[in-house]
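# Turn this into a model:
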Amino acid sequence: MQPVLTAAQSRAFDKHLIEELGIPSLVLMENAARGVISALEDWLTLDSEIVIFAGPGNNGGDGFAVARLLLERGVQPTVLLAADSSKLSPDARHQYDLLLTLLDPEEIYEIERTEDVFELVEPPDIIIDALLGTGSSGELRGAIKEAVQAIAQLQEWYGSKVLAIDIPTGLNSDTGIHESESGFPLAARADRTVTMAAPKIGFYLGRSRDYTGKISIASLGAPYEDLVDESALRSFVVSGTDAVKQIHPFPYTASKFTRGRILCLCGSRGMTGAAIMSAGSSLKSGAGYLTVAVPASERHIVAQAMPELLTIGIAEEEHGSPSAAAWLDLQEEFEKNDVVLIGCGYRAYPETAEFVRKVISEVNKPMIVDGGGLRSLEGHLDILRSRRAPTILTPNVGELAGLVGKPWQEVDRDMLAIARKLATTYEVIIVAKGVPEYTINSDGTTYINSTGNPGMGTAGTGDVLAGMIATMLAQNPGSPWEAAMTAVYLSGLAGDLAAQEKTTHGMTATDVIKKLPEAFKALGVQ
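Down below sits the predicted model:
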């Protein structure tokens, strides 16, 4: 699984390579530069106009090394140094001096203002951002700030492609946050980012994807190893190879009773679609036996939607949502099913909320809590502490804000940290439905999804995901976080396939369900 690093972990890995493996820092710089050249291959021609913006630190040194490798290939870049050449870091100075064996000193231009750039360069095809690396933080100042503004103007005026070395300048590698001035972002907006050793956690926070573009990894000479102490929070990006490990082939003796028996406590008056979609996605992702318990007045709607479903009518309150008495209608179902999914299509009316909390606190079965089930937990999170079976909460930003009692805007800015704290405090698994989606284990380890698209930002996709998690949990009861992680990846993959056919504008949640068989095939599942 691909690790994702904090700035501190990146520094620790560099130190490990240099001090323990004996790889000189200048060799690391050469390896980084080769990785950048490799990522440029499909953009490059011999007459490409390339501008390299270099800073005074080691990121600038990477830029000088890239310039030298380009010159050796017959490509003539323009090198702009946003600093005084007398103030370079030692390694950057060494790369600068090597570059001077191929260029005259006056061919490396020192810039102070945005206007300097336009006096020196032709309209560039490619811009390489080597201004600041992952170790930088805080507000951009001076020539660096002017250079970032120049990059933005070159992109706007000439459509230049931008490749960032390690991280786009101005983007914080730990938070994904950048500064702004008069409403304009002070960060380079890259089409591609070539990052060293492993991606950085900031690439997957907030709206950083708008700045990183496509991410590729350059090897520094040895694979990343987990060098941080065990108490440190760890993060990983999930790939198809990781997800497919939890999708097991069915034996020839498989039956509806061995493929997962799921009780779906979802749907209410006006929101029976949530029950139908969550149950439908659960079946379409491999469940063998699916029972939907829905308020009695709405049972006929669900029963007519899918002949494969078993349906039960349960007691309801005046709004057509489950009442506290529904508990008595479900005792046999709690016994015979493997997994309980509760809350899709619920509103947290007082009796419904009471029913939800009783199920969560007293039913000792693996459980997924979604939608109105999460709203029913607001102010009552302590009941999670009494649960012994795996518990997976699937909040969106608004639902997470309700659970932790914070404004949604604050949660939106810091979703991962807030969801992590919730997971570790109450020893539950959180699937935080943002962009990207995070699956967070009860120890805080985070699995970042790499599938999905804006077309999935539509009503019902959360219900679809909840049903898929229920199936994966029923089939992987010993690895609940891996079950959730796999369902999230598969849901996004099905969504990507739906977008290819329907477009992100024309797809709906049910299109994701329809594409699940193709998603399984894409992962090599028979």
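
# Between the two ends of stretch 325-336, how far is it?
End-to-end distance of stretch 325-336 (C-alpha to C-alpha, to the nearest Å): 20 Å.

# chain center to it: distance?
Going by C-alpha atoms, centre = their mean, to the nearest Å, the spacing between the C-alpha centre of stretch 325-336 and its chain's C-alpha centre is 37 Å.

# quick check, Thr439 in a strand?
Yes: under DSSP: H, G, I helix; E, B strand; the rest coil, Thr439 falls within a strand.

# thought it was touching Ser491?
No: taking C-beta atoms under 8 Å as the definition, Thr439 is not a contact partner of Ser491, at 11.3 Å. Using the backbone N, CA and C atoms, a C-beta is placed for each residue, glycine as well.

# so what's in contact with these two at the same time?
Shared contacts of Thr439 and Ser491 (C-beta atoms under 8 Å, 6 or more residues apart in numbering): none.

# Centre of the chain to the longest helix anywhere in the chain, how far?
Identified as the longest helix of the chain according to DSSP state H is helix 480-502. A distance of 12 Å separates the centroid of the chain from that of helix 480-502, by C-alpha atoms, centre = their mean.

# ok, now stretch 196-212?
9 Å.

# gap between the two ends of that stretch?
With C-alpha to C-alpha as the measure, what separates the two termini of stretch 196-212 is 13 Å.

# what comes into contact with the following helix or strand past the longest helix of the chain?
The first helix or strand that comes after helix 480-502 along the chain, using DSSP states H and E, is helix 509-514. The contact list for helix 509-514, computed with C-beta under 8 Å, 6+ apart, reads 277, 280-281, 284, 456, 458-461, 463-464, 491, 494-495, 498, 501-502.

# just to revisit the earlier point, now do the longest helix of the chain: which elements does it pack against?
Secondary-structure packing of helix 480-502 (3 or more C-beta pairs under 8 Å, 6 or more residues apart in numbering; DSSP states H and E): helix 240-244, strand 429-432, strand 438-440, strand 446-448, helix 461-475, helix 509-514, helix 516-522.

# what does the average pLDDT come to for the helix or strand following the first one?
What that stands for is helix 240-244. Later in the chain than helix 240-244, the nearest helix or strand by DSSP H and E is strand 261-265. The average of the pLDDT scores along strand 261-265 is 98.

# Show me what strand 261-265 is in contact with.
For strand 261-265, the surrounding residues in contact (C-beta under 8 Å, 6+ apart) are 275, 278-279, 282, 287-293, 322, 330, 333-334, 336-344, 359, 467, 470-471, 474.

# Tell me what angle that strand forms with helix 461-475.
Interaxial angle of strand 261-265 relative to helix 461-475 (axes from the mean of the first three to the mean of the last three C-alpha atoms, to 10 degrees): 150 degrees.

# Using CSV, write out every CA atom in strand 261-265.
Backbone C-alpha positions of strand 261-265 (Å, rounded to 0.1, in the frame of the first residue of the first chain) are rendered in CSV as follows:
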residue,chain,number,x,y,z
ARG,A,261,-27.0,-12.0,5.5
ILE,A,262,-27.8,-8.3,5.9
LEU,A,263,-30.5,-6.5,7.7
CYS,A,264,-31.2,-3.1,6.2
LEU,A,265,-33.0,-0.7,8.5
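
# Identify the neighbouring strands of it in the sheet and state each direction.
Strands adjacent to strand 261-265 in the sheet, as given by DSSP bridges, are strand 289-295 (parallel), strand 339-342 (parallel).

# and among those, the most buried is which?
Sort the strands paired with strand 261-265 by mean neighbour count, taking mean count of other C-beta atoms under 10 Å, and strand 339-342 sits at the top with a mean of 28.

# ok, and what's touching it?
Contacts to strand 339-342, defined as C-beta under 8 Å, 6+ apart, come from residues 260-266, 278, 282, 334, 356, 359-360, 363, 365-370, 373, 466-467, 469-470, 473-474, 477.

# what's the closest of the helices and strands packed on helix 480-502 to Met29?
In terms of C-beta to C-beta, the element of these nearest to Met29 is strand 446-448, at 28.2 Å.

# next one: that closest one to chain centre, how far?
A distance of 7 Å separates the C-alpha centroid of strand 446-448 from that of its chain, computed with C-alpha atoms, centre = their mean.

# The chain should start at 42 in everything you say after this.
Happy to do that; since the first residue is 42 now, the last one works out to strand 487-489.

# so what secondary structure elements neighbour that strand?
With contacts defined as 3+ C-beta pairs under 8 Å, 6+ apart, the packing partners of strand 487-489 are strand 276-278, strand 479-481, helix 521-543.

# Swap in 10 Å and give it another go.
In this structure, strand 487-489 makes packing contacts with strand 43-45, strand 276-278, helix 456-467, strand 470-473, strand 479-481, helix 521-543, judged by 3 or more C-beta pairs under 10 Å, 6 or more residues apart in numbering; DSSP states H and E.
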